[in-house]
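Asker: Sequence below, structure please.
(chains A and B)
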Amino acid sequence: MSASPGPGCSVTVPVWSAALLTATCLLLAPPVPGHALTPEAAVRSLSGPGPISPEFLSGDSIPSAEEVARLLGAQDSRDQGLQAIILRASSLPTDRATLWIQLLATAERTGVEAGGLAARAVARADERDAPGGVALLLQGLDGGLPEEDRAALLALASHLLTDPEPVRAAELRRRLIREWPDALEIPEAQVQLARHLLGQGGEAAREEAVEILEALLLRRPSHPLAPEARRLRQGALRPDS
Amino acid sequence: MKIRPIPGLLSGLVLAVLLVFLPGTAAAQYLLVPMDRSQSNHLRAYGLTYSVLEDAGEAEWFLNYRGGSFLLPDQDRVRREAALRGVSFQAVDGGEVARIRGIIQNGNMDAVPLETAPRIAVYTPPNTPPWDDAVTLALEYAGIPYETVWDGDVLEGRLVDFDWLHLHHEDFTGQYSKFFLTYAGTSWLQEEVARNQEVARRFGYPHVPALKRAVAETIRSYVLEGGFLFAMCSATETLDLALASHATDITASFANGRPPDRDASARMDWSRALAFQGAEVQTSPSVSAFSDIDTHQVNTPWRQALSSFTLFEFSAKIDPVASMLVQNHEAVLRDFYGLTTAFSEDRLKPGATILARDRDRVKYVHGTAGEGTWTFFGGHDPEDPEHKIGDAPTNLDLHPDSPGYRLILNNVLFPAARPRPLKTQ
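Answerer: Numbers count the residues shown, from 1 in each chain, chains lettered A, B, ... in the order given. This is a model prediction of the structure:
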């Protein structure tokens, strides 16, 4: 799924980041008279997944969390659900929008059942009940979801807990790395877990962090997160660290 | 199992395909670390090569071949280190190495064995953060170990423990980089003054300029006895000013309590200096410059604009030392300021080898003294052209292919080499 983000830009990017990129490019490109950047305009400029539901383009209807979950949870409205996430994220302050962008990343690569579950979990987290949302996800993991969807949901669960319960988030990341070592979410989980361990301090945590980072670098030396992993590792290996 | 040889071009193609697509899996005898634009992390490639030498391994430096490539033994440990550091390599067998040697033999290239990991000392005051010195930044980023030394260590004879000594923005004239006018009230300058004065007292010198001159003389002796000296920024110019001023006083009264000699320039003894001669010393305490050796005078109203500088291409087989020092994947580099930015060509001693220049401004120069060598590189930070006090440190993750930082790291590996004797000196 890709989109051309607008005048002045010629890159191809995933649809969810295209909306954000459009905003960035407009900061750099000459202004177009009479063209105000609204979330709706940003979405209009995308060649995303099918037509945008008219109800989202009226300018005054930001999709509710429940609406997002409903759309994502059905095969025939999944694409609209993805667009609804962008609109909702665009309307929220940064800290809350991050949750929905994480949902977008999860929902783009999971089936409808996992996507709907992820949306309900994020909605709970958005209402300051991240543990409740994670409980939903963990219950779902015990069901019959496809293997690749389960890794994505566990990664989302660890994201939701990063701020409120960092130790538990780290445990979830350990489980993710242990049970789904080939999942797409692993490099980010490894970097996040290493950051957490280095933040904790202590020799054992430092050694575990280095081991995790080296596993990432040896397995995926060209991954986009590899430079950050190298930086963290080097910092951890300094004698004064 | 017997494999029927595939003749001619086809076998070459098969080999090429294997090298391109199976760099990490084929069992080979060597790892070629290319240093042209295909390299993913030029700076850490030096660290990888250093780590091989440190581990008692041997390496070769292919001067002018693909940007100054390295040939390393194909070992699991080396492959692992390369992956951890993000350094790209190609597995090559004996046949491919023979082909490369043929290319080297027939072109302006040479293969220089690297045998020992040089022991590195960085001259820097205690408690100085590593991010204000391009060399420590480069060493840290490349993962090359070093120790720090300062005046006390130098005067107590510790330099004999090291093969390579780096100096950065020290002011060996003892005038605290002439920052007194601008920064007299700042705590960092007051701490620097107190620290230097304490060391001068401890070693029995009447003032800091006398202490620094003694340190400069010890460094000169280190070079004459076979040490490798690499200096950047103001350490280049002020080292020679300190050495040449033993019979006069070039320092402002704030540094030693008395005004400078009015005829200081005429009384300089340039025979003591390593690189420069005949310079006019700037004795005014209100002018933040040391002499007319520096071409840019960055902290004066007559500051010169930055441009770019060009690396010389030397004959690798005739001048391997100079060739090593200019190995790079770029030939023209963006210039950058320092308290000493570049050197006036007409202030250089005749024996100096100019490695890079911008018109008559010499950016990078090398020479020998006694049994040792010195290399001076003007400017402060190759990736921060207008570095100011208090600026954030340069993040080399953003510049893993920095051609300017490569020049610094060439100097680090240079003492590891055992080149044939120079034919031009």
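Asker: and the gap between B:G86 and chain A?
Answerer: 6 Å (Cβ to the nearest Cβ, to the nearest Å). (Glycine included, C-beta is placed from N, CA and C.)
Asker: mind listing what that residue touches?
Answerer: A:L217, A:P221, A:A226, A:P227, A:R230, B:S40, B:N41, B:R44, B:P400 (Cβ atoms under 8 Å, 6 or more residues apart in numbering or on different chains).
Asker: Now do the contacts for the nearest residue to the last one once chain neighbours are set aside.
Answerer: When you say that, I think you mean B:P400. Excluding the flanking residues, the one nearest B:P400 by Cβ to Cβ, 6 or more residues apart in numbering or on different chains is B:N41, at 4.3 Å. By Cβ under 8 Å, 6+ apart, the contact list for B:N41 reads B:R85, B:G86, B:V87, B:S88, B:P400, B:D401.
Asker: Which single one of those residues is nearest to chain A?
Answerer: Nearest to chain A out of the contacts of B:N41 is B:G86 (Cβ to the nearest Cβ; 5.6 Å).
Asker: For the residue of chain A found nearest chain B, the count of nearby residues, please.
Answerer: Nearest residue of chain A to chain B: A:P221, at 4.4 Å (Cβ to the nearest Cβ). Counted with other Cβ atoms under 10 Å in any protein chain shown, the neighbours of A:P221 add up to 19.
Asker: element containing the residue of the stretch 51-200 of chain B found nearest chain A, please.
Answerer: Closest residue of the stretch 51-200 of chain B to chain A, Cβ to the nearest Cβ: B:A83 (4.4 Å). Element membership for B:A83 (DSSP states H and E) is helix B:76-85.
Asker: Sheet-wise, list the partners of the next helix or strand after that helix with their directions.
Answerer: Counting by DSSP H and E, the next helix or strand C-terminal to helix B:76-85 is strand B:90-92. Strand pairing for strand B:90-92, determined by DSSP bridges: strand B:30-33 (antiparallel).
Asker: so how far is the strand it pairs with from its chain's centroid?
Answerer: How far strand B:30-33 lies from its chain's middle: 25 Å, per Cα atoms, centre = their mean, to the nearest Å.
Asker: Are there helices or strands packed against the helix or strand following it, and which ones?
Answerer: Once the chain leaves strand B:30-33, the next helix or strand it forms, by DSSP H and E, is helix B:42-54. Counting contacts by 3 or more Cβ pairs under 8 Å, 6 or more residues apart in numbering or on different chains; DSSP states H and E, helix B:42-54 is packed against strand B:30-33, strand B:59-63, strand B:69-73, helix B:76-85, helix B:134-142, helix B:403-413.
Asker: Dump those into CSV; add mean pLDDT as well.
Answerer: Formatted as CSV, the helices and strands packed on helix B:42-54 follow (pLDDT from 0 to 100):
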stretch, mean pLDDT
strand B:30-33, 98
strand B:59-63, 97
strand B:69-73, 97
helix B:76-85, 95
helix B:134-142, 93
helix B:403-413, 96
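Asker: Serialize those to CSV and add fields for mean neighbour count.
Answerer: Putting the helices and strands packed on helix B:42-54 into CSV (neighbours: other Cβ atoms under 10 Å in any protein chain shown) gives the following:
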stretch, mean neighbour count
strand B:30-33, 24
strand B:59-63, 26
strand B:69-73, 24
helix B:76-85, 18
helix B:134-142, 25
helix B:403-413, 24
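Asker: Determine which of those approaches B:R201 most closely.
Answerer: helix B:134-142 (27.6 Å; Cβ to Cβ).
Asker: Restricting to C-alpha, output the closest one in CSV.
Answerer: Taking Å, rounded to 0.1, in the frame of the first residue of the first chain, the C-alpha atoms of helix B:134-142 are listed here in CSV:
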residue,chain,number,x,y,z
ALA,B,134,37.4,15.1,16.5
VAL,B,135,40.0,12.5,17.1
THR,B,136,38.5,11.1,20.2
LEU,B,137,35.1,11.2,18.5
ALA,B,138,36.6,9.2,15.6
LEU,B,139,38.3,6.7,17.9
GLU,B,140,35.2,6.2,20.0
TYR,B,141,33.0,5.8,17.0
ALA,B,142,35.4,3.4,15.2
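Asker: report the angle between the axes of it and helix B:403-413?
Answerer: 80 degrees (axes from the mean of the first three to the mean of the last three Cα atoms, to 10 degrees).
Asker: Centre of the chain to helix B:134-142, how far?
Answerer: Using Cα atoms, centre = their mean, the offset of helix B:134-142 from its chain centre is 11 Å.
Asker: and that helix, what does it pack onto?
Answerer: helix B:42-54, strand B:120-123, strand B:228-232, helix B:403-413.
Asker: The same query, at a cut-off of 10 Å, please.
Answerer: helix A:226-237, helix B:42-54, strand B:120-123, strand B:164-167, strand B:228-232, helix B:403-413 (3 or more Cβ pairs under 10 Å, 6 or more residues apart in numbering or on different chains; DSSP states H and E).
Asker: Now do the second one, average pLDDT.
Answerer: Meaning helix B:42-54. Averaging pLDDT along helix B:42-54 gives 97.
Asker: Okay, buried residues for that helix please.
Answerer: Residues B:H42, B:L43, B:R44, B:A45, B:Y46, B:G47, B:L48, B:T49, B:Y50, B:S51, B:V52, B:L53 are the ones in helix B:42-54 that count as buried (16 or more other Cβ atoms under 10 Å in any protein chain shown).
Asker: How much space separates A:A194 from A:G202?
Answerer: 14 Å (Cβ to Cβ, to the nearest Å).
Asker: the more surrounded of the two?
Answerer: A:A194 (28 against 10).
Asker: In what element of secondary structure is that one found?
Answerer: Per DSSP H and E: helix A:186-200 holds A:A194.
Asker: Quick check: phi and psi at the residue sitting nearest the centre point of chain A.
Answerer: Central residue of chain A (Cα atoms, centre = their mean): A:Q102, 2.3 Å from the mean position. Note on A:Q102: backbone dihedrals following degrees, to the nearest 10 are phi -60, psi -40.
Asker: Determine the three-state secondary structure at the closest residue to it other than its chain neighbours.
Answerer: Spatial nearest neighbour of A:Q102, excluding adjacent residues (Cβ to Cβ, 6+ apart): A:H159 at 5.1 Å. Here A:H159 is recorded as helix under DSSP: H, G, I helix; E, B strand; the rest coil.
Asker: and the gap between A:H159 and A:P187?
Answerer: In terms of Cβ to Cβ, A:H159 sits 14 Å off from A:P187.
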